[in-house]
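>>> Okay, predicted coordinates and the sequence, questions at the end:
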Amino acid sequence: MQTLDLQEIGLREVNATLHAQAENTNQTAWEIVNPKGAHAIACGLDAPIEVTVRGSTGYYCAGMNQQATVNIAGSAGPGTGENIMSGKIVIEGDASQYLGATGHGGMIVVKGNASSRCGISMKGVNIVVQGNIGHMSAFMGQSGNLVVCGDAGDALGDSCYEARFFVRGSVKSLGADCVKKEMRPEHLELLKSLLDEAGIDADPSEFTRYGSARNLYNFDVDNAGAY
Amino acid sequence: MCGIVGLFLKDKSLEPQLGNMLTDMLITMTDRGPDSAGIAIYGDDSDNSMKFTVQSDTPESDFETLAKDLGDALGQPVQVEVNSTHAVLIVPAKEADSIRATLASIRPNVRVMSRGQTLEIYKEVGLPKDVAARFGLSGMHGTHGIGHTRMATESAVTTMGAHPFNTGDDQCLVHNGSLSNHNSLRRKLRREGIHIETENDTEVGAAYLTWKMREGASLGEALESALDDLDGFFTFVVGTKDGFGVVRDPIACKPAVMAETDQYVAFGSEYRALVNLPGIEDARVWEPEPATVYFWSHDSAPTTKEKAA
């Protein structure tokens, strides 16, 4: 395990060191100590390495991640995993607002709660939250899956496209054009595989599926008054 | 963008270090607000007197004989403690209501930053570290305090545009965000006779709270109605004589992190601001919910109902 002390060498040196790891690097295990809520820790990684951040992080930790696994042994600030392409991010504590915004692929796991706008404009990322999520989550979600083992806040899935949402607890309110949907066998199977991949023990049959009613896809003159 | 920090001490043994801890938090938030900085500190209780923190752009000439001139005008002795561009006036409580008018006539260029029994407000333009050094903030003691670093968006970078704003005796407001209906609200509040000095949006927010409380609302009720009447983005932290309160607008774009231990309750715009506090590793850390008014006071456990002030 290689250890990088962020206090000692600074953010640029930490990130440059991780960026320098090639596809076939032998140094696959890294830890970052003394993160102290700094911004943009382990952003833009693109190698099959595993990085553990020992503490809480600020804005945009592990943004634009590809291939790498980033563990945050603390809580994560706003915009964590923004535009993740692949790989995995695991947050031991809570995540702040717009977790995994615009994420195209990979997986984000939150062991605590996620705040507002979780998975906003998600485009293929899978997000699994063990606790609750805040308001306006998955706003304009286009693709991918958002799994919530606790409760969801106001306006879940507002104006969503083809992203799927699985919620075990209550949903405070659904956003425009987001509706409850039937759990078919293929959904139970998908949810089981997502929970397994996230390492979370929960019974897929206890979840409800939500998704787009597809009424906003095309302009309807009856909606003209709504604009 | 702006930065807010707040620290409310439960452990009295930390009171001598309040200024030091708050200054460290404030300087960490420089990235969020390098234009101006300010701090509201709740220190010694002035018993039967009232404290006014005043500011002047020409402190040498304005403050030199202020104690004597103000004392002569009131017919009462007045204590004046000068601190850079600011001075704290300690006057008998029964004279408090006449101070603003008296100052306006004998020192027209002196501006009142705060009024209260324990509250003092210090604020100036410049980098937070320079503002902190100018006033010796790190040496101040007290029970609780609030700091603000400003990145101006809605009005000019001036001392009067800096935060905190005094809303009533021993009460103050700091703001991260921007209000979009401040022009119409300013006209309305001025018609109601509320004094508003600048084109700043937060001053309107503070004046709104002052007006609501003048009409009989508690601070908690005033904050609740602010959720309906203020249009725009805000995370507000309000200081009161025995604690502080937090409220975020329903959209809650502006960040807020809180931490609580047996020794303190702390507020930061970012977790970074809190990392040097004692025992932060084991603190309970969370984000305040949108559209919810929180208060902490020395008198009671945390509550979302108004208990302080």
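That came in fine, so what should we check first? Numbering: from 1, shown residues only, chains lettered A, B, ... in the order given.
>>> ok so residue A:190 is a helix residue?
Yes - judged by DSSP: H, G, I helix; E, B strand; the rest coil, residue A:190 forms part of a helix.
>>> quick one, phi psi at the nearest residue to it once chain neighbours are set aside?
Once flanking residues are discounted, residue A:190 sits nearest to residue A:145: 7.1 Å by CB to CB, 6 or more residues apart in numbering or on different chains. Any C-beta I mention is one placed from the backbone N, CA and C, and that applies to glycine too. Here is the backbone geometry of residue A:145 (degrees, to the nearest 10): phi -130, psi 140.
>>> And residue A:145, how far from residue B:142?
50 Å (CB to CB, to the nearest Å).
>>> Identify the residue of chain A closest to chain B, quick one.
residue A:37 (3.7 Å; CB to the nearest CB).
>>> contact partners of the helix or strand encompassing residue B:53?
In the assignment (DSSP states H and E), residue B:53 maps to strand B:49-55. Contacts with strand B:49-55, where a contact means CB atoms under 8 Å, 6 or more residues apart in numbering or on different chains, come from B:85-93, B:95-96, B:99, B:103, B:110-123, B:159, B:169.
>>> For that strand, the averaged confidence score.
For strand B:49-55, mean pLDDT is 96.
>>> what does stretch B:93-104 give?
pLDDT averaged over stretch B:93-104 gives 93.
>>> for stretch B:112-126, same thing?
Mean predicted confidence for stretch B:112-126 is 96.
>>> Same question for stretch B:276-283.
Averaging pLDDT along stretch B:276-283 yields 94.
>>> can you list contacts of that stretch?
A:55, B:7, B:14, B:21, B:24-25, B:28, B:259-261, B:263-264, B:266, B:274.
>>> Spell out the secondary structure type for the residue in the stretch 51-200 of chain B that chain A sits nearest to.
At 13.2 Å from chain A, residue B:176 is the closest residue in the stretch 51-200 of chain B, using CB to the nearest CB. Taken by three-state DSSP, the conformation at residue B:176 corresponds to strand.
>>> Quick check: it touching residue B:3?
Yes - assessed by CB atoms under 8 Å, residue B:176 is found in contact with residue B:3 at 7.1 Å.
>>> Contacts only, for residue 1.
Went with chain A since none was named. A:29-31.
>>> nope, chain B
By CB under 8 Å, 6+ apart, the neighbours of residue B:1 are B:32-33, B:151, B:176.
>>> Which one of those sits in the busiest neighbourhood?
residue B:176 (28 neighbours; other CB atoms under 10 Å in any protein chain shown).
>>> Now do the same contact list for residue 62.
Went with chain A since none was named. A:41-43, A:45, A:68, A:70, A:72, A:80-81, A:84, A:89.
>>> nope, chain B
By CB under 8 Å, 6+ apart, residue B:62 lies in contact with B:56, B:107, B:109-110.
>>> give me the number of residues near the residue nearest to it when sequence neighbours are not counted?
For residue B:62, ignoring the flanking residues on the chain, the nearest one in space by CB to CB, 6+ apart is residue B:56 at 4.0 Å. By other CB under 10 Å, the residues close to residue B:56 number 19.
>>> thinking residue B:56 is in contact with residue B:82, fair?
No - applying CB under 8 Å, one finds residue B:56 not in contact with residue B:82, separated by 9.7 Å.
>>> and the helix or strand harbouring residue B:146, average pLDDT?
Using DSSP H and E, residue B:146 sits within strand B:144-150. Mean per-residue pLDDT for strand B:144-150: 97.
>>> For the next helix or strand after it, C-alpha coordinates in CSV please.
For strand B:144-150, the succeeding helix or strand toward the C-terminus, using DSSP H and E, is strand B:165-168. Extracted in CSV, the C-alpha atoms of strand B:165-168 (Å, rounded to 0.1, in the frame of the first residue of the first chain):
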residue,chain,number,x,y,z
PHE,B,165,-25.8,42.7,9.9
ASN,B,166,-27.4,43.7,13.2
THR,B,167,-31.1,43.1,13.1
GLY,B,168,-32.1,43.9,16.7
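>>> so what's residue B:34 up against?
B:127-128, B:149, B:151 are the contacts of residue B:34 under CB under 8 Å, 6+ apart.
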